[in-house]
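A.B. asks: Task: produce atomic coordinates for the following.
(chains A and B)
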Amino acid sequence: MTDEEFDRLFKRIREIERSVRDLIESEFRKILEDFREDMSHFKEMMYPMWHHEGYLRPLYTIYDRGNYYEILIDLPKSDEGSIDVRFHGNTIYIRARLKEEIRFSHWSGKGGETRFHEYREVIEIPTKIDPDKVKVLKKRGLVKILIYK
Amino acid sequence: MFEIFKEELFEDFIIVEYRHIEIEKPSFALISLPDTGLVSVIGAWHIIKTLQLPEVGGIDSYIHLPPVAVISNKTLRTPIRVFAGNNLFIVYSEFMPSQLGMIKLSKLLANYLERKGIDYIFLATGMPIQNRFEVEKLRTFYLATSQKAFELVKNLDLIPFENGFFAGPYAILLKEFVRAKLNTILLLTESFLEFPDPEASAKNVDIISRIIGKAIDVKELLDEAEAIRIRARDAMKNVVRGLAQMRKDLEYTPPLYT
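C.D. replies: Have a look, this model is predicted:
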């Protein structure tokens, strides 16, 4: 075998090596992504939207609007005057009393005889919150929090 | 009690009917699947409740739908339920099939509705807008897939959907119904994407009520809006994941070429 043929052979072996490594890495990444997704579903399953101690968890969304974060929270049937929003570090603590007691048993028996009186939620955002740079707006059972970066 | 009058297989789906289904002419179908702000599901639920439509059949799949048994008034029902009465036929589901399942379901529905002799189909859902928190007067956009369908909406206070992307389960249905040459009216009312939006549902129901010529009062829907928002929270949470997979974010993107 000539030197040139040897070089070609080793070059081909290196190519095969690289493609096998890429394939293993991509499969591993896929497995990891699937695992993360399964874990997030599992986490959601463990934390339903209500708690047997008598509080509901609201739906919320965090938007990164460039120079500020916008957090939209859905608090239907909440007493607007009782909506309490507090900030600590990068965490937002929300509590709001319901205008009237709610029981899921009226709809489906879900939750048994648990009576719900308030909303509670803890939301983490990716930045430390300066309470002086925060705006809280309330409307039709919705809360919009603007946190400037 | 679970008596089946008729059962048929369509690819990976099973269609069941609990009684002989007869629909008056001109007949209208409303397809209600979980989508933006659950606008379609809440609206269909209100119509079924108000008009007291009986449950006449259903659709199930062990492959494309979650492994769930729906119990309604002590009776086992399918995840996709069919209600019908007078000239209205409603397909109602609180569960979103997988993307592949959605394609197969669209073909099934096109075939099934054609065989049932449905004259017009409504796809009434929400159009997500970023400033929904501020907006109080909601606008409704429409798209009619045929001249016959256009005749029904031309005199209503609706805005034509001229340019833009439309994504999600209704986009698949729309494409399949156009292929099947079914007279379809797409109604898109501005709404929240990720929160249940009964106000947007009420707007769609009001339009449908005027088109089919049947009074459907939306006052109760609006009065009960906050209670519905509480009740629909879990369903909404489950839908958001499916919408992200169906690239619902594309609806915010302006097209380069119009």
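A.B. asks: If you count contacts, what does the helix or strand hosting B:K175 end up packed against?
C.D. replies: In this assignment (DSSP states H and E), B:K175 forms part of helix B:169-179. Counting by 3 or more CB pairs under 8 Å, 6 or more residues apart in numbering or on different chains; DSSP states H and E, the packing neighbours recorded for helix B:169-179 are helix B:99-115, strand B:120-128, strand B:184-191. All C-beta spots, glycine's among them, are computed from the backbone N, C-alpha and C.
A.B. asks: And the pLDDT at A:L72?
C.D. replies: pLDDT for A:L72: 96.
A.B. asks: Keeping just the C-alphas, turn stretch A:120-127 into PDB.
C.D. replies: Output of stretch A:120-127 as PDB, limited to C-alpha atoms (Å, rounded to 0.1, in the frame of the first residue of the first chain):
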ATOM      1  CA  ARG A 120     -51.700  31.800  45.400                       C
ATOM      2  CA  GLU A 121     -48.800  31.600  43.100                       C
ATOM      3  CA  VAL A 122     -45.000  32.100  43.200                       C
ATOM      4  CA  ILE A 123     -43.400  33.200  39.900                       C
ATOM      5  CA  GLU A 124     -39.700  33.300  39.200                       C
ATOM      6  CA  ILE A 125     -38.300  35.500  36.500                       C
ATOM      7  CA  PRO A 126     -34.700  35.500  35.100                       C
ATOM      8  CA  THR A 127     -33.700  38.900  36.700                       C
END
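A.B. asks: Just the CA atoms of the helix holding B:K175, as PDB, please.
C.D. replies: What follows is helix B:169-179, C-alpha atoms only, in PDB (Å, rounded to 0.1, in the frame of the first residue of the first chain):
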ATOM      1  CA  PRO B 169     -55.500  22.600  14.300                       C
ATOM      2  CA  TYR B 170     -57.900  24.900  12.400                       C
ATOM      3  CA  ALA B 171     -55.300  25.500   9.700                       C
ATOM      4  CA  ILE B 172     -55.100  21.800   9.000                       C
ATOM      5  CA  LEU B 173     -59.000  21.600   8.900                       C
ATOM      6  CA  LEU B 174     -59.200  24.600   6.600                       C
ATOM      7  CA  LYS B 175     -56.800  23.100   4.100                       C
ATOM      8  CA  GLU B 176     -58.500  19.700   4.100                       C
ATOM      9  CA  PHE B 177     -62.000  21.300   3.800                       C
ATOM     10  CA  VAL B 178     -60.800  23.400   0.800                       C
ATOM     11  CA  ARG B 179     -59.400  20.300  -0.900                       C
END
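A.B. asks: how about it: buried residues?
C.D. replies: Across helix B:169-179, burial judged by 16 or more other CB atoms under 10 Å in any protein chain shown covers B:P169, B:Y170, B:A171, B:I172, B:L173, B:L174, B:E176, B:F177.
A.B. asks: Could you check the angle that helix makes with strand B:120-128?
C.D. replies: 150 degrees (axes from the mean of the first three to the mean of the last three CA atoms, to 10 degrees).
A.B. asks: now the helices and strands packed on helix B:169-179 in TSV, with distance to chain A, mean pLDDT and mean neighbour count?
C.D. replies: Output for the helices and strands packed on helix B:169-179, formatted as TSV (distance: least, CB to the nearest CB, whole Å; pLDDT from 0 to 100; neighbours: other CB atoms under 10 Å in any protein chain shown):
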stretch	distance to chain A	mean pLDDT	mean neighbour count
helix B:99-115	15	95	19
strand B:120-128	11	96	26
strand B:184-191	13	97	26
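A.B. asks: Next to chain A, which bits of the stretch 51-200 of chain B? Give me the list.
C.D. replies: Residues of the stretch 51-200 of chain B found near chain A (CB under 8 Å from any CB of the partner chain) are B:F133, B:E194, B:F195, B:P196.
A.B. asks: Redo those residues as a markdown table? Include neighbour count.
C.D. replies: Formatted as a markdown table, those follow (neighbours: other CB atoms under 10 Å in any protein chain shown):
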| residue | neighbour count |
| --- | --- |
| B:F133 | 16 |
| B:E194 | 22 |
| B:F195 | 25 |
| B:P196 | 28 |
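A.B. asks: Roughly how far does B:S27 sit from A:F104?
C.D. replies: 37 Å (CB to CB, to the nearest Å).
A.B. asks: I misspoke; the intended subject was A:M49.
C.D. replies: 10 Å.
A.B. asks: between the two, which one's more packed in?
C.D. replies: Of the pair A:M49 and A:F104, A:F104 is the one with more neighbours under other CB atoms under 10 Å in any protein chain shown, namely 18 against 14.
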